[in-house]
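> Return a 3D structure for these sequence lines:
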Amino acid sequence: MQWAAIHWHIRTLTGTPDPLALGGIGLARILPVIVFSFVGGPVADTYNRRRIIAITQSSMALVALALAYLTFTSQITIWHIYVLTALQATAQAFDGPARQAMVPNLVPKTDLPNAFSMTSIAQNTGAIVGPALGGIVIATLGQGYTYYINAISFLAVLLALALMGAVSQDTRNAPGIHLGAAVEGFRFIFSKPIILSTMLIDFVATFFASAKTMLPIVARDILQVNEIGYGWLVSAESIGSVATGVVISQLPVLKKQGRIFLTAVAIFGLTTILFGLSHRIGPELVLFSLPGIPVTLAFLVAFLALAGSGAADTVSTIIRNTIRQLQTPDHIRGRMVSVNQIFFQGGPQLGEVEAGIAASLFGVPAAIVSGGIGCILGAFLIVRKWPQLWRYGGTDPLAS
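Below is the predicted model:
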């Protein structure tokens, strides 16, 4: 809800379509991740991961409360949003390594694909309900309530951590907090081509396909729908993700994982291209109406393209997370995730900046279409460099 609300809020504060202002939010997110991920990994491998998550989640709740206060008191500016977003990203730089590294401490290795599928379902169900509800909240109660509701929701996270109880963790080789510990994480990843290649594809795909950050402009100024229509578009990717996650969570074994992964990346790029072209497909043809919005063929195509990209992204996410966790020993898993965090968050956040520049120069649709093309070409070049990724089956020997 907050992610969608922030982008809509920036579009409202600028008064006119400003792709660079929307792209700037990506820069505010990625700079803290790049700086603090070097520390976040060693922290996750040295200290209690469950306790780290409790601290980071509490910090993000305070950021949401600050956004709510500034909005309710009419003091908020774009720069307030940027600064608070950067603070939240700092907390996430420590939260991500601890949270992802803790998953293999909770379930057997053989159940990891199913566990990541269930995690994807949980996250994306929230990502469906959040933006859709956020559009209704903005339209009826006001912008500030989206931040306030988000702050309250962190109580559920803290309760879940309390109910989880103690979680086993291998700290026999705890690295401590120093530069050498962070460097060891990079050395490990560069010694594992199968991990490095998935990280690079993740970065390239999300970097070029991040023009979707222009959704407020697509919804408001191109498809000409209101907050509710915008909420549906933001939720579309997660609807596709949840449907796909449910299917994968029930599969006993995923075979030919490399080929499935790369096919999913190609579909992700193709659906991004379709989304960029959707406004040209029946913009005047009204098919039916949802509460508050007439659904044109162009809107439906945009929605289905986003849902398709969400489905493809979920397949690739589950497979690459499984590969990385299975091929990484527990004592270095936090550092592996922290390096990976630079790739999987750096791609979309830097991509938002690139998308803002491209949209300013060539227009929003052209920026989206070119991003989909770049995603496919980038993945093709990486798999040419590391063809073993295409041959990866999923039953390869596990890391000791």
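> roughly how far apart are the closest residue to residue 71 other than its chain neighbours and residue 70?
If the residues on either side of it in the chain are set aside, residue 71 comes closest to residue 144, at 3.6 Å by CB to CB, 6 or more residues apart in numbering. (Glycine included, C-beta is placed from N, CA and C.) From residue 144 across to residue 70, the span is 8 Å (CB to CB, to the nearest Å).
> which of these two has more neighbours?
residue 144 (21 against 17; other CB atoms under 10 Å).
> Report the distance from the helix or strand harbouring the more buried one to the chain centre.
In the assignment (DSSP states H and E), residue 144 maps to helix 143-164. The chain centre lies 19 Å from the centre of helix 143-164; the measure is CA atoms, centre = their mean, to the nearest Å.
> what helices or strands is that helix leaning on?
Counting contacts by 3 or more CB pairs under 8 Å, 6 or more residues apart in numbering; DSSP states H and E, helix 143-164 is packed against helix 2-14, helix 49-72, helix 112-140.
> now those helices as CSV including distance to residue 348?
Converted to CSV, the helices and strands packed on helix 143-164 look like this (distance: least, CB to CB, whole Å):
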stretch, distance to residue 348
helix 2-14, 11
helix 49-72, 18
helix 112-140, 14
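> wait, which of these is closest to residue 262?
helix 112-140 (16.9 Å; CB to CB).
> buried sites along that closest one?
112-121, 124, 127-128, 130-138 (16 or more other CB atoms under 10 Å).
> Repeat that for stretch 236-252.
For stretch 236-252, burial by neighbour count (16+ other CB under 10 Å) applies to 236-242, 244-245, 248-249.
> what about the stretch 151-300 of the chain, any weak spots by pLDDT?
Scanning the stretch 151-300 of the chain for pLDDT under 70 picks out 170-179, 210-212, 253, 291-292.
> go on, the stretch 301-400 of the chain?
By pLDDT under 70, the weakly predicted segments of the stretch 301-400 of the chain are 394-400.
> quick one, strands of the stretch 251-400 of the chain?
286-290, 293-296 (DSSP state E, counting those that start in this stretch).
> Turn the ones you listed into CSV, columns for distance to residue 274.
Formatted as CSV, the strands of the stretch 251-400 of the chain follow (distance: least, CB to CB, whole Å):
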stretch, distance to residue 274
strand 286-290, 17
strand 293-296, 16
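> would TSV of the ones you listed with mean neighbour count and distance to residue 310 be doable?
Listed next are the strands of the stretch 251-400 of the chain as TSV, based on neighbours: other CB atoms under 10 Å; distance: least, CB to CB, whole Å:
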stretch	mean neighbour count	distance to residue 310
strand 286-290	10	19
strand 293-296	18	19
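> how about the helices in the stretch 251-400 of the chain?
Under the criterion DSSP state H, counting those that start in this stretch, the stretch 251-400 of the chain carries helices at the ranges 257-277, 297-326, 333-362, 364-385, 388-391.
> So what touches the last one?
Judged by CB atoms under 8 Å, 6 or more residues apart in numbering, the contacts made with helix 388-391 from elsewhere in the structure are 193-194, 197-198, 201, 258-259, 261-262, 382-383.
> mind saving the C-alpha coords of that helix as CSV?
The C-alpha trace of helix 388-391 is given here as CSV (Å, rounded to 0.1, in the frame of the first residue of the first chain):
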residue,chain,number,x,y,z
GLN,A,388,25.8,-23.9,-17.7
LEU,A,389,22.9,-21.9,-16.4
TRP,A,390,20.7,-23.2,-19.3
ARG,A,391,21.8,-26.8,-18.4
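> Next, the buried residues of it.
Quick answer for helix 388-391 (16+ other CB under 10 Å): residue 389.
> need the contact list for the residue lying closest to residue 114 once chain neighbours are set aside.
The shortest distance from residue 114 to any non-neighbouring residue, by CB to CB, 6+ apart, is to residue 249 (5.3 Å). Each residue near residue 249 by CB under 8 Å, 6+ apart is listed here: 114, 117-118, 121.
> Out of those, the closest to residue 47 would be?
Residue 47 lies nearest to residue 118 out of these, by CB to CB, at 26.2 Å.
> Isn't the closest one up against residue 245?
Yes - counting by CB atoms under 8 Å, residue 245 is a contact partner of residue 118 at 7.4 Å.
> What sits closest to residue 198 if chain neighbours are left out?
residue 320 (4.2 Å).
> just residue 154 next, same as before
Closest to residue 154 by CB to CB, 6+ apart is residue 61, at 3.7 Å.
> Can you tell me the centre-most residue of this structure?
Geometric centre of the chain, nearest residue: residue 345, 7.1 Å, by CA atoms, centre = their mean.
> so that one sits right up against residue 33, yeah?
Yes - the criterion here is CB under 8 Å, and residue 345 meets it with residue 33 at 4.9 Å.
> hey, what's in contact with both of these two?
In contact with both residue 345 and residue 33: residue 92, using CB under 8 Å, 6+ apart.
> I figured the residue nearest to residue 154 was touching residue 147, is that so?
No - contact between residue 61 and residue 147 fails when scored by CB under 8 Å: they sit 10.5 Å apart.
> The two - which one has more neighbours?
Set residue 61 next to residue 147 and count neighbours by other CB under 10 Å: residue 147 wins out with 27 against 20.
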